[in-house]
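Student: sequence and predicted structure, then a few things I'm wondering about:
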Amino acid sequence: MPGGDVTAAAAPMPIIGIVGKLPAHGDFVRRGGPGAVLTRIDDWLDGELGGAVAAGMPLDAAVAALDGWRFAFAGTDGPVIAVVVASGDGVGRLFPLVATVTCASTGREAAETWCAAVADALVAVRDAGQGADAALAAVAAIDPPGDAAPVAGWWHPAADAPAGDDARLPVGDAFRALLSGRTG
């Protein structure tokens, strides 16, 4: 559904979640919710990163390439905004850390403002060696994006234009293009 409207099932209030890895933990962390969104993100990253590695991309390069990407997609509990930071667990296994918020429809500017603040907070928590509860609290302390014309797709703040305008997470060729830095 390219350019799709992600306002179909607007959440009555923002729901914050995190999923991925942090150096303060020995394995994957998951806090907040909604659970279906966090499972979807986790499964998506497992599958797409696994595909990239199987195609010959080193995992460390793939995780680094995901750092900073933002996503807006349709979730079962309403529109979802997500931001990815490169991370890993306490024993050195690399994997992204993702923060999500379900919210009413929001425009790209509001989504980007939230994503930038959240990415900074996640990096600070990661670099300070803090755990998942601290990460969730840091994200929850940031005002969620407000109502605006809906946004869908994926983008990076360093890119001139959004890389995609789909209300679904990128898979296959679209995901590999994102990892290689190609946009549009």
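Tutor: Good, I have the coordinates.
Student: can you give the distance from stretch 145-160 to the centre of its chain?
Tutor: 12 Å (CA atoms, centre = their mean, to the nearest Å).
Student: okay, how far is it across it, tip to tip?
Tutor: End-to-end distance for stretch 145-160, by CA to CA, to the nearest Å: 22 Å.
Student: tell me where this structure has strands.
Tutor: 15-21, 28-32, 70-75, 78-85, 97-102, 153-155 (DSSP state E).
Student: parallel or antiparallel, list what pairs with the first one.
Tutor: Right, the one you point to is strand 15-21. Next to strand 15-21 in the sheet, as set by DSSP bridges, lie strand 28-32 (antiparallel), strand 97-102 (antiparallel).
Student: would a markdown table of these with distance to residue 67 and mean neighbour count be doable?
Tutor: Bear in mind the C-beta positions are built from the backbone N, C-alpha and C, glycine included. A markdown table is the format used below for these (distance: least, CB to CB, whole Å; neighbours: other CB atoms under 10 Å):
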| stretch | distance to residue 67 | mean neighbour count |
| --- | --- | --- |
| strand 28-32 | 18 | 18 |
| strand 97-102 | 10 | 27 |
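Student: using JSON lines, lay out those strands together with mean pLDDT and distance to residue 56.
Tutor: What follows is these, written out as JSON lines (pLDDT from 0 to 100; distance: least, CB to CB, whole Å):
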{"stretch": "strand 28-32", "mean pLDDT": "97", "distance to residue 56": "25"}
{"stretch": "strand 97-102", "mean pLDDT": "96", "distance to residue 56": "24"}
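Student: out of these, the one nearest residue 137 is which?
Tutor: Closest approach to residue 137 among the strands paired with strand 15-21 (CB to CB): strand 28-32, 9.2 Å.
Student: could you dump that closest one to CSV, C-alpha only?
Tutor: C-alpha atoms of strand 28-32 as CSV (Å, rounded to 0.1, in the frame of the first residue of the first chain):
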residue,chain,number,x,y,z
PHE,A,28,17.6,-9.4,23.9
VAL,A,29,15.5,-6.9,25.9
ARG,A,30,11.9,-6.0,25.5
ARG,A,31,10.0,-3.4,27.5
GLY,A,32,6.7,-1.6,27.1
